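Novice: Need the 3D shape of this:
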Amino acid sequence: MDRQEFTITLDGDTINEEISGQDPRVKGLITNMPDGVDIIASPYIADNATSFKLIILESSIPTEGASGPFEITIPGSMLNGGQDIVVTPNPEAKWDIAEADPGEASATVDDVTVSGTVGTSIRFTDIKIKLINDALSKQISFPSQPVLGMLKNAPAGIELGGSGFIERGETELNLVMTGTPTEAASGPIELVIPGEILAGGKDITVTANPNAKWDITGAGTDTGNVSLVGSATGNAPTPTLPDPDAARAAVLTEQDHEDIANGSTINIALETKEHNPPVGDIQAVSGALNGHQVGMYLDISLFKQKDSDPRQSITQIGAPILIGMDVPASLQRAGRTFSVIRVHDGVATVLPNHSTEPNKLLIETDRFSTYAIVYRDAAATQGVSPKTGDGTFLGLWIALLAAAALVIGVTLVQRRKKAREYD
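Specialist: Residues are numbered from 1 along each chain as shown. Below you'll find the model as predicted:
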């Protein structure tokens, strides 16, 4: 459906905290929103705001009809006044979604090639399935046994999963192929969606797509002739490659494999250093912060060198790879969360932090240029005074005052003693 934007204006009350654009409460503001429609705040709802913008996303696929004005209620839990506010209906802010004509349920899969080598890990290959005249009957959380069973001709070692969950009523399934294949595979991917997760209650065989296919070849023999090294300059964090097999597969070309088979050695180096980016990159990062602060700019570079040939700088590779880093100690704070923004060819992209460990970064990328480690602090607890300085300075002042008191006391004793001598 078309993207729609509209503004909510409060009269006599204000928002009591900053609310992110994708906070679940935002979606709940419209109480008569049809299933399949997605809404966000843009870019977020500010603390003490008297107005805010909502956006109905163009990616929305309504699964039911709807008509009439938007019905909007702002809960008291979001307001300084503490009382629910029912927004006055506007007859020009309305739903006009016709019911779909009933038809036979089916499903399609988008073009995708799951490529790799036997014995080499495959990570995060996206696969998108679209339902037609049907929808999910329940929320799907991962790992999901019904989703795992959808693949009918997957090579051993490959699984189908996802990230987070998929809402009930969705007609688009964004899934991920992962694993380490133990056998070769080719030809179209065969999928069946089980009726137990569908509103229609019947299995759907996904229409075969010749461009959604397997391309997994036999085991390679050249990984022993390839080295992977991560290094850092200055205060920059040292990068690691948690999935070295995927990194080799993404960086090495067919010519590289031929050269290795003929006895060559290839060194792959991932390097980080603190970076003073150009103004354009800084502006691009600023536009993508969405309430975060910049902690450190980095130049993340990838190099490849064959034998004694000159080292080659690589700015983009054929598939994303995982990069791990520790958050610099200077940026670590209790309650602080981190993510990364990449700027490549002037385009800023927010890279989610996949790490579940505090003060660790785990990102997925296929481009190498300017990066920014960004953070957001947890909201300060009310009634707790912030620290205003290092306690060391307080101790120093106490020591100086004590010394001064001692000097004054000694002086008074000496004066009294002299006074008795003159009596």
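Novice: For this structure, just list every one of the helices.
Specialist: Here the chain has its helices, by DSSP state H, at 24-27, 145-148, 244-251, 254-261, 279-286, 391-422.
Novice: and the second one, which residues are buried?
Specialist: Put plainly, it is helix 145-148. Neighbour-count burial for helix 145-148 flags residue 147 (criterion: 16 or more other CB atoms under 10 Å). From N, CA and C alone the C-beta is placed, and that goes for glycine too.
Novice: I would like the residues contacting it, please.
Specialist: By CB atoms under 8 Å, 6 or more residues apart in numbering, the residues outside helix 145-148 that reach it are 140, 159, 160, 161, 162, 175, 194, 196, 197.
Novice: State the distance from the residue nearest to the spatial centre of the chain to residue 365.
Specialist: Taking CA atoms, centre = their mean as the criterion, residue 352 is the residue nearest the geometric centre of the chain, at 2.0 Å. Applying CB to CB, to the nearest Å, the value for residue 352 to residue 365 is 11 Å.
Novice: list the contacts for residue 248?
Specialist: Applying CB under 8 Å, 6+ apart, the residues contacting residue 248 are 120, 223, 226, 228, 268.
Novice: Which of those ranks first by neighbour count?
Specialist: Greatest neighbour count in the contacts of residue 248, by other CB atoms under 10 Å, goes to residue 268: 22 neighbours.
Novice: Pretty sure it sits against residue 304.
Specialist: Yes - Residue 268 lies in contact with residue 304 (CB atoms under 8 Å); the separation is 5.5 Å.
Novice: what do the two both touch?
Specialist: Common contacts of residue 268 and residue 304 (CB under 8 Å, 6+ apart): residue 251.
Novice: circling back: are any of the contacts of helix 145-148 buried, and which?
Specialist: The neighbour count (16+ other CB under 10 Å) marks 140, 160, 162, 175, 197 as buried among those.
Novice: Closest to residue 316 out of the residues you listed?
Specialist: If you rank these by distance to residue 316 using CB to CB, residue 175 comes first, at 25.3 Å.
Novice: any idea of the pLDDT on that closest one?
Specialist: The model reports residue 175 with a pLDDT of 92.
Novice: Can you give me the domain boundaries for this structure?
Specialist: 4-97, 106-217, 223-376 (automatic domain parsing).
Novice: So for stretch 164-175, what gets flagged as buried?
Specialist: For stretch 164-175, burial by neighbour count (16+ other CB under 10 Å) applies to 166, 169, 170, 171, 173, 175.
Novice: In strands, which of those residues fall?
Specialist: Judged by DSSP state E, those include 166, 173, 175 as members of strands.
Novice: can you pull the contacts of the second one?
Specialist: To tie it back to what came earlier, the one meant is residue 173. Here residue 173 is in contact with 128, 129, 130, 131, 136, 140, 162, 166, 193 (CB under 8 Å, 6+ apart).
Novice: Closest to residue 108 out of those residues?
Specialist: Distance ranking of these against residue 108, using CB to CB, places residue 130 first at 5.1 Å.
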